[in-house]
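[1] Need a 3D model of the sequence below.
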Amino acid sequence: MTHARHDHEDPAPAAHDHAHDGTSAGSHAHGPACAGGHDHLHSHDHDHGHDHDHGDHAAHAGHGHGHAHSHAHGHGHSHAPADFGRAFVIGIALNFGFVVVEAVYGVLAHSLSLVADAGHNLSDVLSLLAAWIASLLVKRLPTRRRTFGLRRSSILASLFNALVLLIGIGAIAWEAISRLRDPTPVASGTVMAVAAVGIAINGFTAWLFASGRHGDVNIRGAFLHMLADALISLGVVLAALAMRYTGWSWLDPAVSLAIVLAIAWGTWDLLRESLDLALDAVPRHIDPTRVEDWLAGLPGVQAVHDLHIWGMSTTEVALTVHLVKPDATIDDALLARIHRELHARFRIDHATVQFELGDEAHPCERAPAAVV
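    Numbering: from 1, shown residues only. All right, here's what the predicted structure looks like:
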């Protein structure tokens, strides 16, 4: 896709520069360019209130046709996500204890609603545990083999959580339908007391994750699970109260089916987003067309192609792109601006930018939209 050039320049803020050897720790291995010789510039933009560029200007011999590419590989780090380790520990401990209490009293009271909710809460404990482990793994430093570290583990954890929930609610629905055909009397007083405890525990656990629900699909999943559990427990209390005064035993399995529907509604969206991230789809909060238009409007850029945007984790986003810039100069100020504004405008943390001359005699093989 080719865009008309926009003639404007924005001044870049002052930055301090220092050079380093290309073989030092933290260097990245990159594949071959489209054609011609090339220069490399690695710039890192950190969220510490200051910018600094690392230049590795190693000139390589071209192919004798005066055509050169310059590649700029920038890495912007937001140092997210926030640490919810304490919230995970408290949430796991409270919910596991409640699972035991709820299962015991559900069996004693012959309440499928309580047993169903205990099963769901157990899946929540496993989900919280998986999310907690993933939140620790994403902080592991990259290695030569795993150049992005273990960031994708948070995506796998959210996908695992969604699948476990769907399997669990399927089993609950099957049992509830069977119980509707043959309702069993329920000790409504016991059901109300245990469910009331669940409202308090699940509500408090949801509050622990409330502050992080907008920026991390893992944390959002934990928050939604706990909030849904609190509301479901409220439904169990109301059903038990209704059974006490009406004697309608069918209300217990009916509430169980309502629990299944409520969980399925919230889980389906979590599954879809987790699957998208696992398949390297563009994260929901980013409009790729807006990103492409913004890149096309940069000074000196005449065309944009081979644009890819994907989630490295549930909180970090990566981008790679080829920019056609006929002046063939490596512009440190422009690179710093690109990395800074991609983070500020689109929450893209890790950008790799390749500049090209746009020589028609040596076209980039990645330029066609159908080529990945």
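[2] separation between Asp182 and Ala176?
    Using C-beta to C-beta, to the nearest Å, Asp182 is found at 12 Å from Ala176. The C-beta positions use only the backbone N, C-alpha and C, and glycine is treated the same way.
[3] of these two, who's got more company?
    Neighbours per residue (other C-beta atoms under 10 Å) separate Asp182 from Ala176, with Ala176 holding more: 22 against 9.
[4] now that one, nearest residue through space, not along the chain?
    Nearest residue to Ala176, sequence neighbours excluded (C-beta to C-beta, 6 or more residues apart in numbering): Ser256, at 3.9 Å.
[5] hang on, the one you found packs against Ala118?
    No: here Ser256 does not reach Ala118: they are 11.6 Å apart, not a contact under C-beta atoms under 8 Å.
[6] So these two - more neighbours on which side?
    Neighbour tally, Ser256 and Ala118, criterion other C-beta under 10 Å: the higher count belongs to Ser256, 29 against 22.
[7] And the more buried one, which helix or strand is it part of?
    If you go by DSSP states H and E, Ser256 is part of helix 251-278.
[8] and that helix, which residues are buried?
    251-260, 262-263, 266-267, 270-271, 273-274, 276-277 (16 or more other C-beta atoms under 10 Å).
[9] Against which helices or strands is that helix packed?
    Applying 3 or more C-beta pairs under 8 Å, 6 or more residues apart in numbering; DSSP states H and E, one finds that helix 251-278 contacts helix 112-137, helix 153-181, helix 217-246.
[10] Is the most centrally placed residue in the chain part of a helix or strand, or is it coil?
    The geometric centre of the chain, computed from its C-alpha atoms, lies nearest to Thr314 (C-alpha atoms, centre = their mean), at 1.8 Å. Judged by DSSP: H, G, I helix; E, B strand; the rest coil, the three-state class of Thr314 is coil.
[11] about what we covered before: moving C-terminal of the helix holding Ser256, what's the next helix or strand?
    Downstream of helix 251-278, the next assigned helix or strand under DSSP H and E is helix 288-296.
[12] Surely Ser111 is in contact with Val191?
    Yes: contact between Ser111 and Val191 holds when scored by C-beta under 8 Å: they sit 4.8 Å apart.
[13] Show me which positions of the helix or strand hosting Asn95 end up buried.
    In this structure, Asn95 is located in helix 85-108 according to DSSP H and E. Under the neighbour-count criterion of 16+ other C-beta under 10 Å, helix 85-108 has 87-88, 91-92, 94-96, 98-99, 101-103, 105-106 buried.
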